[in-house]
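Student: take a look and give me a structure for this.
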Amino acid sequence: MKLRASLFGILVLTSILPAGAGDRLAIKVSPAVCFAPANLIVRTTIEADTQNRAVEIIAESPEFYRSSEMQLDGDKAPRTTTFEFRSLPPGTYDVSARLIGTGGERAQVHQQVNVIASGTGH
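Tutor: Predicted structure coming up:
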């Protein structure tokens, strides 16, 4: 019974703590592998700080580039932001998030995504 209670306590604690706790910036892109034309959802988690001014999200492959930027109101900005890139063509993408502060870039993170050709060529 004590083992079950201990495991439950550990589970509760790990579900409460945010992923990347203590990091200024974290990124999660889904899906990581998909068929073209792909819609990617990019979620960023940003540590609250009075110096935060903007977050820029970039999806880049050798043949394609798309970016989006959102202004942040320092420590009053939402902790989580969500971006959507629609209809991305096939390719291997480096999806990155850049946290921009009053003095320039504060943090940058990356995740790789593969968009596969659908194979329905005519």
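Student: I'd like the average pLDDT over the longest strand along the chain.
Tutor: Scanning the chain for the longest strand, with DSSP state E as the assignment, gives strand 104-116. Strand 104-116 shows a mean pLDDT of 96 in the predicted model.
Student: pick out the residue closest to the middle of the chain.
Tutor: Centroid check for the chain by Cα atoms, centre = their mean gives Ile27 as the closest residue, at 2.7 Å.
Student: specify the beta-bridge partners of that residue.
Tutor: The partner list for Ile27 in beta bridges (DSSP bridges) reads Thr44.
Student: go on, Leu99?
Tutor: The partner residues for Leu99, given DSSP bridges, come to Val55, Ala107.
Student: tell me the contacts of it?
Tutor: Applying Cβ atoms under 8 Å, 6 or more residues apart in numbering to Leu99 gives the contacts 24-25, 46, 52, 54-55, 105-108. In this view, the C-beta of every residue, glycine as well, is placed from N, C-alpha and C.
Student: again, only using 7 Å
Tutor: With contacts defined as Cβ atoms under 7 Å, 6 or more residues apart in numbering, Leu99 is in contact with 24-25, 46, 52, 55, 106-107.
Student: how about Ala32?
Tutor: Ala32 is in contact with Val113, counting by Cβ under 7 Å, 6+ apart.
Student: for it, give me phi and psi.
Tutor: Dihedral pair for Ala32: phi -80, psi -30, per degrees, to the nearest 10.
Student: against Ile100, how distant is Leu72?
Tutor: 8 Å (Cβ to Cβ, to the nearest Å).
Student: quick check: neighbours shared by those two?
Tutor: With Cβ under 7 Å, 6+ apart as the test, Leu72 and Ile100 both reach 53-54.
Student: quick check: nearest residue in space to Ser30, chain neighbours excluded?
Tutor: Among residues not flanking Ser30 along the chain, Ile41 sits closest, at 5.3 Å (Cβ to Cβ, 6 or more residues apart in numbering).
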